[in-house]
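[1] A structural model of the following input is requested.
(2 chains)
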Protein chains: 2
Amino acid sequence: MLYHAEVTIELKSGMLDPEGTTIKRALEHLGYQTKKVSTAKKYTIQLDSNSADIARQKVDEMCQKIIANPIIHNYTIELREA
Amino acid sequence: MLYHAEVTIELKSGMLDPEGTTIKRALEHLGYQTKKVSTAKKYTIQLDSNSADIARQKVDEMCQKIIANPIIHNYTIELREA
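    Alright, predicted model coming up:
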């Protein structure tokens, strides 16, 4: 079965987000007032697996080993059948 | 009223995604087989607005002017009241 896993990697609260701050400032220069701009990264991983549970576990391992940095990131995984 | 706009910026189909390709290869080196890995960027923008329609229109303008590159990106906006 083919699964699509959508992984969202966000900075933990309290971590600085210089990209978000820069975009907020650039938007102000263009006349757009915002309260806050924060950035995150999204990865869509397509993988074959016998079950949704196994697919989710594999993607979780991928996140811990290579995609996210658990010291500074929170991540969420949304899984659906393709 | 405070609104949260979640903007997702994806590469248009056909555009090369070297970051996704690199992660796919790195995952293979760790023993994880995937069909495809694609990357996207997510921005959460908090803004005050009198109505949801005005908020959405403003965020759409921000995307066109500074956040997305319409030549290579598709973007979606999800708006909700904070």
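
[2] Could you identify the longest strand within chain A?
    For chain A, the longest strand by residue count, based on DSSP state E, is strand A:36-48.

[3] Could you name the helices and strands sitting against the helix or strand just after it?
    Per DSSP states H and E, the first helix or strand lying C-terminal to strand A:36-48 is helix A:52-62. With contacts defined as 3 or more Cβ pairs under 8 Å, 6 or more residues apart in numbering or on different chains; DSSP states H and E, helix A:52-62 has these neighbours: strand A:2-11, strand A:36-48, strand A:73-81. For every residue, glycine as well, the C-beta is placed using N, CA and C.

[4] Now those strands in JSON lines, please, with extra columns for mean neighbour count, mean pLDDT and distance to chain B.
    Formatted as JSON lines, the helices and strands packed on helix A:52-62 follow (neighbours: other Cβ atoms under 10 Å in any protein chain shown; pLDDT from 0 to 100; distance: least, Cβ to the nearest Cβ, whole Å):
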{"stretch": "strand A:2-11", "mean neighbour count": "18", "mean pLDDT": "97", "distance to chain B": "6"}
{"stretch": "strand A:36-48", "mean neighbour count": "19", "mean pLDDT": "98", "distance to chain B": "4"}
{"stretch": "strand A:73-81", "mean neighbour count": "14", "mean pLDDT": "97", "distance to chain B": "11"}
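
[5] Quick check: which of those is nearest to residue B:27?
    Nearest to residue B:27, of all those, is strand A:36-48, at 8.2 Å by Cβ to Cβ.

[6] strand partners of that closest one, parallel vs antiparallel please.
    Partners of strand A:36-48 in the sheet, by DSSP bridges, are strand A:2-11 (antiparallel), strand B:36-48 (antiparallel).

[7] roughly how far out does that strand sit from the chain middle?
    When C-alpha coordinates are averaged (Cα atoms, centre = their mean, to the nearest Å), strand A:36-48 and its chain have centres 4 Å apart.

[8] Could you check the angle it makes with helix A:52-62?
    The directions of strand A:36-48 and helix A:52-62 differ by 120 degrees, with axes from the mean of the first three to the mean of the last three Cα atoms, to 10 degrees as the criterion.

[9] now the angle from strand A:36-48 to strand A:73-81?
    Following the same axes, to 10 degrees, one obtains 40 degrees for the angle between strand A:36-48 and strand A:73-81.
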